[in-house]
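> Below is the sequence, then the predicted model.
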Amino acid sequence: MDLRDLFLNIEEYKDKEVKVEGWIRLHRDQKTFGFIDFSDGTTFEHLQIVYDDTLDNFNEIKKYLVGSAIEAKGIITSSNGKQAYEMHATSIKLLGDCPEDYPIQPKRHTREFLREQAYLRPRTNLFQAVFRVRSIAAYAIHKYFQDRGYVYFHAPLITASDCEGAGEMFQVTTLPLDKLKGEVDYSKDFFGKMTNLTVSGQLEAETFAMAFKKTYTFGPTFRAENSNTKTHASEFWMIEPEIAFCDLEGDMDIMEDMLKYIVKYVLDHAPLEINFFNEFVEKGLKEKLEKLVSSKFTRINHEEAITILKNADVQWVFTAEYG
């Protein structure tokens, strides 16, 4: 069974035998017993598995390494440790071994190190929390719009439109780039014209809004700006709702309501992950998010925004590109 289901119904399974399958996150073996910190990825919470020398393969179990996949059967009981419950194993079987030089060991790894271990980093607490929150947030986005009658559609990822010059674009072509010289004859390309990866689904969403009244697209978009800042991403997912009958005030109502809904949904459905971020990534994050949900957004016009910037005790630098 999944750990998620086990912990959601823990009282039902107390003092009963269950079977779980997953990976060893930490292994501490003693002379006559041992402890395995066990995770199967279905929840941020781990299960402590206690085993002893009454098991036939006790000496083999003691050699199981961090990262190994196992199947464990045992009785769920109350624990005297940090966790509320633990499993007293009746059997543990190795499903997949792991080498001694497995790089994701039970310690804090730097993000620079994890960039070099991209295929393994989803097994770390940081990335498990990040991607579970992202999954929950994506579901909340769809739920918000679906519950309010919006029609979801998939905007094309390959397009000839630059969407009002929204950003630098990645070009898509089947032409042999190493052989091209001079002016390009796009009539010989796959689509017969210059095409790119989309920077926005806005234009397509507008046409759908004229048929469905309320529509939205939520998918990957691509920007080719040569920026090396931490806030720039060449690929990201963007939410783009379009409403046929709506004014600016109504648009701001939707934006505020949607943002609060999504943040609250994540707070309600990923409390362990948010607590982890609050403790190890950004102190005060949880309070900041709770404040966002309960606050009233301030609305000002463009002239008021410029006045605030001019009066601020900060030296702003404006370039010709942005005015």
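Sure, I can see it.
> Every contact and neighbour count from this point should use C-alpha atoms.
OK.
> ok, Ser227 to Ser234 distance?
Here Ser227 is placed at a distance of 9 Å from Ser234 (Cα to Cα, to the nearest Å).
> What of Phe218?
16 Å.
> One more: Lys286?
Lys286 sits 28 Å away from Ser234, taking Cα to Cα as the criterion.
> Just want to know which of the two has more residues nearby.
Lys286 (18 against 15; other Cα atoms under 10 Å).
> how close does the more buried one get to Arg134?
As judged by Cα to Cα, Lys286 and Arg134 stand 16 Å apart.
> now Ala84
Ala84 is 28 Å from Arg134, by Cα to Cα.
> and if you look at Gly182?
For Gly182, the distance to Arg134 - Cα to Cα - is 45 Å.
> Who are the contact partners of Lys193?
By Cα atoms under 8 Å, 6 or more residues apart in numbering, Lys193 lies in contact with 160, 186-187.
> ok, and the closest non-adjacent residue to Pro241?
In this structure, Pro241 finds its nearest non-sequential neighbour in Tyr216, 3.9 Å apart by Cα to Cα, 6 or more residues apart in numbering.
> go on, Asp97?
Ser68 (4.8 Å).
> so who does the one you found touch?
Listed by Cα under 8 Å, 6+ apart, the contact set of Ser68 reads 23-24, 94-98.
> Okay, buried residues for stretch 224-238 please.
Using 16 or more other Cα atoms under 10 Å as the test for burial, stretch 224-238 gives Ala224.
> What average pLDDT does that stretch get?
On average, the pLDDT along stretch 224-238 is 86.
> again with stretch 253-265
On average, stretch 253-265 scores 97.
> Repeat that for stretch 208-216.
Throughout stretch 208-216, pLDDT has a mean value of 97.
> and the gap between the residue nearest to Pro241 and Leu309?
33 Å.
> what's the answer for Arg148, then?
For Arg148 relative to Leu309 (Cα to Cα), the value is 37 Å.
> for Leu114, same thing?
39 Å.
> Same drill for the two, tell me which one is more crowded.
Leu114 (17 against 12).
> Now do the contacts for the more buried one.
Here Leu114 is in contact with 120-121 (Cα under 8 Å, 6+ apart).
> ok, now Ala155?
201, 204-205, 217, 219.
> Which residues outside stretch 285-300 are in contact with it?
256, 260-261, 263-264, 274-275, 277-278.
> And the residues you listed, which of them are buried?
Buried among those by 16+ other Cα under 10 Å: 260-261, 263-264, 274-275, 277-278.
> which one of these sits closest to Glu303?
Using Cα to Cα, Lys260 is the member of these that lies nearest Glu303, at 26.4 Å.
> and the closest one, helix, strand or coil?
Under DSSP: H, G, I helix; E, B strand; the rest coil, Lys260 falls in the helix class.
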